[in-house]
Structures are given as C-alpha cells and as structure tokens.
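Engineer: Provided below are the primary sequence and the corresponding predicted coordinates.
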There are 2 protein chains.
Amino acid sequence: MSPLIKTSTLRVLFSSRLPVLASSSNNKFRPFCYPYSVSHKAEPKKMAAERALPQIFQYVDQNVESYKNLLKEAVAIPSVSSDAKHRDDCVRMVEWMKEKLKEVGATTELRDIGFQTLEGKQVKLPPVLVGVLGNDTNKNTICIYGHLDVQPALKSDGWASEPFELVERDGKLFGRGSTDDKGPVLGWLHAINAYKNVGSELPVNLKFVFECMEESSSQGLDELLMEKLKPEGFFDTVDYVCISDNYWLGTTKPCITYGLRGISYYFLEIECAKMDLHSGVFGGTVHEAMSDLIYLMDKLVDKDGKILITDIYKSVAPLLETEKQLYNTIDFDPEAYRKSIDAYKLPHNAVKEQLLMHRWRYPSLSLHGIEGAHYQTGAKTVIPGKVVGKFSIRIVPNQEPEEVEKLVFDYINKKWAERGSPNKMSISAQSGRAWTEDPDHPHYQAAARATKLIYQTEPDMSREGGSIPVTITLQEASGKNVLLLPMGAGDDMAHSQNEKINVRNYIEGIKLFAAYLYEVGKLPK
Amino acid sequence: MSPLIKTSTLRVLFSSRLPVLASSSNNKFRPFCYPYSVSHKAEPKKMAAERALPQIFQYVDQNVESYKNLLKEAVAIPSVSSDAKHRDDCVRMVEWMKEKLKEVGATTELRDIGFQTLEGKQVKLPPVLVGVLGNDTNKNTICIYGHLDVQPALKSDGWASEPFELVERDGKLFGRGSTDDKGPVLGWLHAINAYKNVGSELPVNLKFVFECMEESSSQGLDELLMEKLKPEGFFDTVDYVCISDNYWLGTTKPCITYGLRGISYYFLEIECAKMDLHSGVFGGTVHEAMSDLIYLMDKLVDKDGKILITDIYKSVAPLLETEKQLYNTIDFDPEAYRKSIDAYKLPHNAVKEQLLMHRWRYPSLSLHGIEGAHYQTGAKTVIPGKVVGKFSIRIVPNQEPEEVEKLVFDYINKKWAERGSPNKMSISAQSGRAWTEDPDHPHYQAAARATKLIYQTEPDMSREGGSIPVTITLQEASGKNVLLLPMGAGDDMAHSQNEKINVRNYIEGIKLFAAYLYEVGKLPK
C-alpha cells in the first residue's frame, strides 16, 4: 500500500466494517461517531505499523473537522469537579468517554471510588474510567492516564466567548478543558482510531485510567490505584506509563517532561461570628476575622516571592553543576514570557536560568483567594463571619509533603499565637509530592524520536512547575518509567480565562501520539 | 364614633367607596390591593385625627396578613442595585412602588438620574420615585425617604430559606429587604392607608423620595435632590424630614436615632498580569498581585480594631463630659450582644460605654473582601492577574470625607512605595459624611411621644454606627430637622444572611408611623 494512498481507497478496502465514516466534508454538524462502533471481529490482515504511519498522518489531516467536533462535544459538558452543582456533569463526562473508548474497541469499566465531603455534605465521587485495549503478550503495554474534569469558568471572569462552548478563532480552539485535559485525552482516542482506520493493528497494548477529580486533588484515585487496581494485577503487564496533561515550555518548540513540582494546598480558616455582620452596626465592636486572616496571609511570602515559612528551603535538593548546565540550552525567552502575560517586570532580574529554576526546581507560594468574604463588584459593607484563606506551595525534590505541612502548620500556629486574637483559627492541607525521572531512559528516547518525526526538531527535555500528583502514584503502582508527553503549547492558559489549544497542536498531537505508540512498540519487550 | 367600633361597622359606614376590602381572613393568597385604588373623590366628612388613632391601631391589627402579603410581593423582586444583572428588577421595584403610592392617592413621578459605570459598562440608573400627598397649607409637611434596593443574597451564602421569598418562622419574616428597607417603606404606605380606611384625613402633608441605589452609594440621588428637586421648590413646603432605615439598639426597647457615622469606602486595585495565571506554571516567576494587596490590607488596622492610618483619629470630635453621661443610661447588654453573634470575645474589655462609643462616635475600619481572586469552595490553583481589595472606614464627627480620603491615599501611597513592587496599584473612594441632630428638638419629642404611645416606654435617644449619606443631603436640601425612626430590631441582620423583621416590629411599626404622623400634625405650623 502506497504511503500516498487516498482515504477514499481505504474506505473501499474496509467498507464492510466502515458503515459510517468520519470525514471533514460531511460530518461538520452531526455528532462524531467512530467507524469502529459496529464490529471489531473479522478484521482483514493488518499492515505493519511502520508502513502505516504515513497513512495515519494523512488520515488525521483528513479528519480535522471531526476531531474539532468531538472536542466541542466534550467541552460542552461542564465537568467542574470542585463544584457539587456540577457533579452530575462529571459523571456524564466519564460515561461519555466510556462510550468513546468502547467505540474504538476497548473493554471498559467504571470504578466506584466512594464519597467526599464537599460544601459540608457527603457527595459521591465521579467514577474512574478504566479500560484495556489489546492483550498481545508480544507487545509492550502502555498505561495512559488523563483527566476529564476541568477548572471552574464563568464568562464573566473575562472570557471572550462562553467557556463551555468550543469556539475557533485564529487557528485556536477556545474552551474550558480544550487543552487541560480533554484535547489530549481525545488525542489518544483519535490516534487509536487512525491506526484502525488505515487498517493497521496497534503496535502496543493499551491500558487507560481516566479520572474526573484531577482538578480537585484526584480524590479517591490513589486508593483505587494502590489498593484495588494494583492488587488485582492491572499493572502487572504494564511496561510504560504515559501522561499527557502538560504543555510545551514556549509556543513553538516541543518538549518532553521529566520532572514536576508537587503541591501542598492550604485552607486557613478564621471565624469571628456565626454570621456575616453589617460593618456599620458592628464595626468597631468585633475582632474581625478578615483582619486576622490578612495578617496571617501576609506572613507567608515576601514581594519577591521568597517564602517566609521557617526552614522551608532546608530540604530543597542542592543544585548540582550537571543540572545547572542543562538550563543553558533550553529554548526560553524571558522577554517573550513577560510580554505573554503583560507583567510589568519579572523577578530574579529576568535571568533565563533563574526563571526556569524558580518554575521547576524551587518551591513557590501563591495566595489564591478568600472564601466567605465579599468578592463581587460593587461596595458591599460586610464584616464576614467566617473566612477561609487559600494558598499553596509548589514543592520540589526533596521536600516531602508531610514535612512541608508540618513546617507550615508550626509557622501558622506560631504567628497566630503572636497575633493574640480571640477568634477561632484552623488550618488543613492537601498535598502531593514532586516527581522526576531520568530523561536518558529508552522510553524518553522513543518519545523524543516520535516528537522529532512530527515537529522536525529535537524536543527540549524539560521540567514543569505544575503538579500532577498521580504521576508519582502511577510510578509507584507500576514500578515502571513514567513519561509526560505534552500536546498543548505554553500559552494555552490552562486554569485561566480563555483557555485554548492550537488547532496545530491538537492535530499534530494526534500524529505525535500515533508515532509515540509506534516507537514504544519497537522497544524491546 | 367609639374608639372600640369594629372594622366591620366601618366597612358599612364607608361601603360606597370600599369595593375591595383588605382583611386578614380573605386576603391571604391574592395580591394585596388597597381599597383606595378606585376613587379619592367625594369622601365623607373625616373624623379628627386624635379620635382616629385607636381605630387605626385596630384596623392595622385586622390587616396583618395583607401587610405580610404585600411585603412578600416586594421581597420577591430581587432589586440588587450592585449587580447589573438585577437592574431591570430595580426598575420593576420602583414601578411597583409607584403604583402602590398612587393607590393611596399620591401624585407620583419617576425621575431619571442618568447612568453609572458598572462592570465596565454604562448602565442606566433606576429612576427615583418622587411623590406628593396633600397640600393643605394649614398642615405640617413631612418628607419621607426610603430605599427600594437591597444587598446581594444567595441561598448558598448560608440562608435557611430562599432570600427572595419572604418566609415566616417563629414570629419573624425572613427575606432580603424585609427590614432593610422594604418593610419600613411599606409601613408608611400601610399607615396612610389605615388613616384613610378609618375615614380620617391625614394630619400632615407628605412628600416621598424613594430611591433604588442606596446599597450602592445612592448614585445619582444627591444631584437629583440638590440640583433638581431643591431648585424646583420641592423642599420649600417641607417642615420635617423622616427616614426609617435603621434599627433599635437591642431587641426589646425602641429608640430614636439622632446620629450616624459616615462611610469612606475604598477600592484598592493591584494588577500583575493581564490574565489569571496557573500557579504551577507561573508560580515563582511573577510578582503576584495578591501578595501586594494582602500586604497593603494588613497595614490598615490592628487586631483590636485600631486604625493604623496616620492621623486618622486627629479630627474625631473630643468626648465631652455631657455626652459621656448619655451612654450610662442606654439599655445595652454586652453579653447579650456577644451571644447574638456568637463572638468569642468582644473588644474594649466588653465595657458597655466603650462598645457604644466605638459603634457610634469613633471610626472603625473593616476589610470586606477581594474581587478577582479565588472565592469559591475547593482548591483553585490560580494566581489572580488583577485583584481589588475592598475596605471601608466608618467616619464620625468631625471627620470630613475629603480629609479622610486624603489621609488614606497618602498612607497607601507611602506603604506602596515602601513595598517597592513593580506592579500597578491604584486606589479610589466613595464617601459620605457623618451626621448628628439635636435630640431635644420638638420633632424628636413628637416622635418620642408616638413611640411611647405604641411601646409604653420612653425610647432611647441613640446614635448608630451605620451610614445613610442621604440623611445629610436631605438636611442640606430641606434646611429642616431630620429624624431617624427605626421600625426593625437590632438583631434583624440587615446585609447579612437570614435578614428578617419581627412581625411585631412590622405591625407595631405601622402603628408607630401613624402615631408619628399624628404627633407631627400637632406641632405648631
């Protein structure tokens, strides 16, 4: 079969099992449907994977509209995991994805992970979607993780269009979850579909873990992975783990990620009264919770971002000369970075290496906001009765969450004692460890070859400032090499207003995933 | 006519002009309709006002359900003036009240007051309802002010029932605006209606100014009062001004209010980036706006409520021995006050006189909240790009708003310079002066007699910590004595969750207003 063979010819070749074909011309306004939803039996003889890749790339290019439509469907489900009001949407999102995985031939299962306490109530967690595709003992097996939930988003936050309606502008697909993480999750689906659609069998076996609580500390997932799936033998056949839930460093050069910061997220609660009070009537006669909270929050970090918590830097891994060298070659332009966010001035004198180190290998502390206080526009004259300050520390090797939490608790308790307020204070935390891998591992080299094939350039081996706690759990559960393969660009604005994924990153990303499956398929079993 | 004559007899006496009678027995589930909506001509000879009062009180007692139903209708209109989404509701509320005033015989007018900038857009202000009822040159004329807008409220803020659905529990009517200020505004309407319904002419002429922007700094009202109504002669015939937009000091003893603190409300804006940022990706490489804002907000007030702004106490009126004596006799129980809000400990060693002074005659500073930051439940990992801290100072005699604003601006600029942040800071203010009157004025003595008649006790002559800037404008516009006549109790929780008005306060308040009109009617012209 020629690499230039047209999709239309393929359609004829496999017409017996392709009753509905996704194509850019006729599929624009109807729900996307994979051609594999009908039957997976009696497939004709497959072509070898290496011969299939060019076909796959062509097939992908011919199905761009279908891929956009499917992402539009996924974005339209507002699966905000932090908000109890959207819990049904989370469940709907998982069930939607289950159907899609079944359509490409996977066996699937929804795993119950129990309850959480949310807004004072016991709320059922959305199930985790677990899937298996292929069990050829001659092939390597990759475990793929992704998440189906998203951060909250309101148009009034400053979105140019409705956040849960995928809209294309200037080659970009705007919508909550477009890049974090619905686009990448669908990327795997499209890559598998492309293999099947050009008549080539998958070069690897696949296992899937798709959760819907990642943006809310992946509640319930660790227990499922360590106490259920691992003992059941789910990871016994897994050779590699791949996660696509991160971004390129910049906007043009691809990268592969071998390190992530962890996170230690704090809820600092102060209560001065059982209800909110009118500041005219009560102002001057209550010890206000807000001023106590603001006092404590002001003791956490200085204007240059230096964390003020006692001993917090003590266990940070020392910077070795070899690691230091790595930063010199990374493609990163501080001025472009500054301009991309319209910052007035960058810290660390805007020195490239320093900025990268402070994103990747040093901890940072951010003050996120206050729950329970006045937050709307206008001039509300309230004395809030109870407020919860939110802040988090991005933690790094070799900081252990328990150690960091203890330092923070001790520090806050000390500052609280110094304050001498009669109000009630409490603090709690949710944490996940930092993670690093060896970028010289064959798995990383395979991903690098796949990336070069698609983007015609060597990817940067990079780390990231964000946190994906499941990375470590998957490393522990499988005992295998874990790799982060980003689809989106560094300006995708995950968690922010106007989150987007470039059409180019989405489409080339599908090809990248297909090429990665091929490259891992070639690694010795 | 005997003071004990039954309403049913009155119905017969005036049946020719009472086609629809509001009564507690038959009016429970249909919209309230004043019997005066039909005709105001050819009324039979009126009885003297002093003979009418007992009839009026009886009539009021017999129409309790109707009064509740009308308040329910008013509360159901979510006239939140700070939120552009509710602007139509504000207009609807004003128009609704216009019809009610017309039904009791007033001539009414909706006065356009132009536009405001809200959430970045030009938004039309709700009109001000101006009314006139009676023009007998032998009678005194009272100008009555009230407001029809309310503070924001969501059930999820912690309301036990829907905030915009008036619900009765344990003799209390819960609902946003029930006590602030829809209940009192309707109280005037009911008092007028009662006079008419028992066949007694009003002992005074009335003028009305009902606005719908009070909870949003009464935007546009001062201009209307000073630049339109005053030059037009609206205030030429006004002898007294009465406002019912405040509360008793406690829950059992009535009071009349002769002083209010002013307010100086601040919007402190810091911007570090043009959008919100992901704390994992950007944390450590931006000067975060939140930490700058928290730093500045922490410099404003200490844990005991002492304001830290340089020279802020300098112009506060000195405490004279005569004023000091006044506080000794006021009925106020610090421990009951503490318990009512479940505070852990009160400041100023919980000394009664000190607490009262800090509510009434000393300034206080409250931190209300932050706009633009994370405020929801859950763990959002955002670095807000732009945040607006909200705080206000309740100002007192002899602090002038311009002077206070200058002190705050200078102080914030000084602290900002000390901070040395590269971010963008700006601060703006909205202010209104404090107000006091002479509690020995005949107008106050008339109101005291009316209060004693209803509640069988001498009212406290009190001041209040809250601010009603229009009080001063009305004082200036009319050049006459202004009096604050509270209807609600001190635990009504205006601006808070579960705002309520006691059924007793609402119903006896209607009688109080009727008696007040009678007492002012007796004052020499």
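Structural biologist: Sure, I can see it.

Engineer: how about A:M487, nearest residue that isn't a chain neighbour?
Structural biologist: Spatially, and ignoring its direct neighbours in sequence, A:M487 is nearest to A:G509 (3.6 Å; C-beta to C-beta, 6 or more residues apart in numbering or on different chains). Just so you know, the C-beta spots here come from the backbone N, C-alpha and C atoms, and that holds for glycine as well.

Engineer: quick check: the residue of the stretch 1-150 of chain A nearest chain B.
Structural biologist: A:S82 (3.0 Å; C-beta to the nearest C-beta).

Engineer: residues contacting that residue?
Structural biologist: A:Q151, A:P152, A:E215, A:S216, B:Q376, B:T377, B:G378, B:A379, B:K380 (C-beta atoms under 8 Å, 6 or more residues apart in numbering or on different chains).

Engineer: if we go to 10 Å?
Structural biologist: Neighbouring residues of A:S82 by C-beta atoms under 10 Å, 6 or more residues apart in numbering or on different chains: A:118-119, A:149-152, A:213, A:215-217, B:374, B:376-380.

Engineer: ranking those residues by neighbours, who comes first?
Structural biologist: A:V150 (33 neighbours; other C-beta atoms under 10 Å in any protein chain shown).

Engineer: ok, that residue touching A:V185?
Structural biologist: No. If you go by C-beta atoms under 10 Å, A:V150 and A:V185 don't touch, sitting 11.4 Å apart.

Engineer: which residues do the two both contact?
Structural biologist: Contacts common to A:V150 and A:V185, judged by C-beta under 10 Å, 6+ apart, are A:A74, A:G177.

Engineer: let me see the ranges of the strands in the stretch 101-250 of chain A.
Structural biologist: A:107-111, A:115-118, A:121-124, A:128-133, A:141-147, A:167-169, A:172-174, A:205-211, A:240-243 (DSSP state E, counting those that start in this stretch).

Engineer: for the fourth one, which helices and strands make contact with it?
Structural biologist: For strand A:128-133, the elements it packs on are helix A:87-103, strand A:107-111, strand A:141-147, helix A:182-197, strand A:205-211, judged by 3 or more C-beta pairs under 10 Å, 6 or more residues apart in numbering or on different chains; DSSP states H and E.

Engineer: partner strands of it, parallel or antiparallel?
Structural biologist: strand A:107-111 (antiparallel), strand A:205-211 (antiparallel) (DSSP bridges).

Engineer: of these, which approaches A:V123 most closely?
Structural biologist: strand A:205-211 (15.6 Å; C-beta to C-beta).

Engineer: a strand runs through A:Y266, doesn't it?
Structural biologist: Yes. Using DSSP: H, G, I helix; E, B strand; the rest coil, the secondary structure at A:Y266 is a strand.

Engineer: report the separation between it and chain B.
Structural biologist: Using C-beta to the nearest C-beta, to the nearest Å, one gets 9 Å for the distance from A:Y266 to chain B.

Engineer: what is the burial count for that residue?
Structural biologist: 24.

Engineer: same thing with the one 5 residues further on?
Structural biologist: Burial measure for A:E271: 20 neighbouring residues, criterion other C-beta under 10 Å.

Engineer: do the same with A:K415
Structural biologist: A:K415, neighbours per other C-beta under 10 Å, totals 17.

Engineer: quick one: the helix or strand harbouring it near chain B?
Structural biologist: Secondary structure assigned from DSSP states H and E places A:K415 in helix A:401-419. Yes. Judged by C-beta under 10 Å from any C-beta of the partner chain, helix A:401-419 and chain B are in contact via A:R419.

Engineer: and A:F210, bridged to which residues?
Structural biologist: Assigned bridge partners for A:F210, using DSSP bridges, are A:L129, A:G146.

Engineer: if we can go back for a sec, between the strands paired with strand A:128-133, which one is nearest to B:V238?
Structural biologist: strand A:205-211 (68.8 Å).

Engineer: then the closest one to PDB, C-alphas only?
Structural biologist: This file holds the C-alpha atoms of strand A:205-211, laid out as PDB (Å, rounded to 0.1, in the frame of the first residue of the first chain):
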ATOM      1  CA  ASN A 205      -1.400  -2.900  24.100                       C
ATOM      2  CA  LEU A 206      -3.000  -0.100  25.900                       C
ATOM      3  CA  LYS A 207      -4.500   0.400  29.400                       C
ATOM      4  CA  PHE A 208      -6.400   3.500  30.400                       C
ATOM      5  CA  VAL A 209      -7.000   5.300  33.600                       C
ATOM      6  CA  PHE A 210      -9.200   8.400  33.100                       C
ATOM      7  CA  GLU A 211     -10.400  10.200  36.200                       C
END
